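Chemist: mind looking at a prediction? Sequence and model below.
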Amino acid sequence: DVKVTQSSRYLVKRTGEKVFLECVQDMDHENMFWYRQDPGLGLRLIYFSYDVKMKEKGDIPEGYSVSREKKERFSLILESASTNQTSMYLCASTWHNEQFFGPGTRLTVL
Amino acid sequence: DQQVKQNSPSLSVQEGRISILNCDYTNSMFDYFLWYKKYPAEGPTFLISISSIKDKNEDGRFTVFLNKSAKHLSLHIVPSQPGDSAVYFCAAQRLGNQGGKLIFGQGTELSVKP
């Protein structure tokens, strides 16, 4: 069974804080993705990575950065959190055409 | 520029009846279309997919139909069960250099009433 885990299910941070969201997959997948899910907007791609130390911007990269130092781990960084980054964050990894998602992190920025 | 659209934010059906969820897309270069199901506080899970060279794919109670000329696909669930109540996302994919990148629609919340 493919497993994608995310470090926190719920997170509350203050405006201006630096926030790290961690994602780990245990199936040696090369491609990993970060999305945010907002009501009425579906899942929007923030960043993705197709190999260690490689990253590509998605559709909404502003205000975010990522790190992929090891194949199994893909981190999303909010350098200075803002209230409009309150959202559900979903990590995924890919095997063939199929994406496997983690359980999500509900981030609230106050 | 929304390349994948689900125009119905919600759908309510009676248990045992058919649920039809619709999805429209604009890019004729998509190679695959996928449906994901999402329960609250969980990540989306893959449900069913269809290649752009096919017009129908069936898996148990779930059937996906693709109409390329209309750039439209639909997911049929027959018979609908209360456990099918969830948000359903349509997604499209181009193979090759995008690493499996998916473009999602806005989602449709299905409610199946007993």
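Modeler: Yep, it's here.
Chemist: write out the residues of chain A neighbouring chain B.
Modeler: Counting by Cβ under 8 Å from any Cβ of the partner chain, the residues of chain A lying close to chain B are A:4, A:9, A:30-31, A:33, A:35, A:40-45, A:48, A:50, A:56, A:58, A:90, A:92, A:94, A:96-104, A:106. Heads up, the C-betas are built off the backbone N, CA and C, glycines and all.
Chemist: what residue ranges in chain B score low on pLDDT?
Modeler: B:1, B:97-99 (pLDDT under 70).
Chemist: got the residues of it near chain A?
Modeler: So chain B meets chain A at B:4, B:6, B:9, B:32, B:34, B:36, B:41-46, B:49, B:89, B:91, B:93, B:95, B:99-107 (Cβ under 8 Å from any Cβ).
Chemist: can you say which of those are buried?
Modeler: Buried residues within these, counting neighbours by 16 or more other Cβ atoms under 10 Å in any protein chain shown: B:4, B:6, B:32, B:34, B:36, B:43-44, B:49, B:89, B:91, B:93, B:99-107.
Chemist: name the residues linked to residue 19 by a beta bridge.
Modeler: As the question left the chain open, I've gone with chain A. A:Val19 has the following beta-bridge partners by DSSP bridges: A:Leu78.
Chemist: hmm, I had chain B in mind actually
Modeler: B:Ile77.
Chemist: distance-wise, check it relative to A:Pro39.
Modeler: Distance of B:Ser19 to A:Pro39, given as Cβ to Cβ, to the nearest Å: 21 Å.
Chemist: okay, these two: which has more neighbours?
Modeler: Taking other Cβ atoms under 10 Å in any protein chain shown, B:Ser19 and A:Pro39 do not tie; B:Ser19 has more neighbours (24 against 12).
Chemist: now list the buried members of the residues of chain A next to chain B.
Modeler: Applying 16+ other Cβ under 10 Å to the residues of chain A next to chain B flags A:4, A:31, A:33, A:35, A:42-45, A:48, A:50, A:56, A:58, A:90, A:92, A:94, A:98-102, A:104, A:106 as buried.
Chemist: go through those and flag which are in helices.
Modeler: Among those, DSSP state H puts none in helices.
Chemist: any chance you could map the strands in the chain?
Modeler: In the absence of a named chain, chain A is used. A:4-6, A:10-13, A:19-25, A:31-38, A:42-49, A:56-57, A:65-70, A:73-78, A:87-95, A:98-101, A:105-109 (DSSP state E).
Chemist: please go with chain B instead
Modeler: B:4-5, B:10-14, B:19-25, B:32-38, B:45-51, B:56-59, B:62-67, B:72-77, B:86-93, B:102-104, B:108-113.
Chemist: B:Ser51 and A:Gln85, how far apart?
Modeler: 36 Å.
Chemist: ok, those two, which is more surrounded?
Modeler: A:Gln85 (18 against 13).
Chemist: ok, the residue lying closest to that one once chain neighbours are set aside to A:Tyr64 distance?
Modeler: Spatial nearest neighbour of A:Gln85, chain neighbours left out: A:Val109 (5.4 Å); criterion: Cβ to Cβ, 6 or more residues apart in numbering or on different chains. Applying Cβ to Cβ, the value for A:Val109 to A:Tyr64 is 13 Å.
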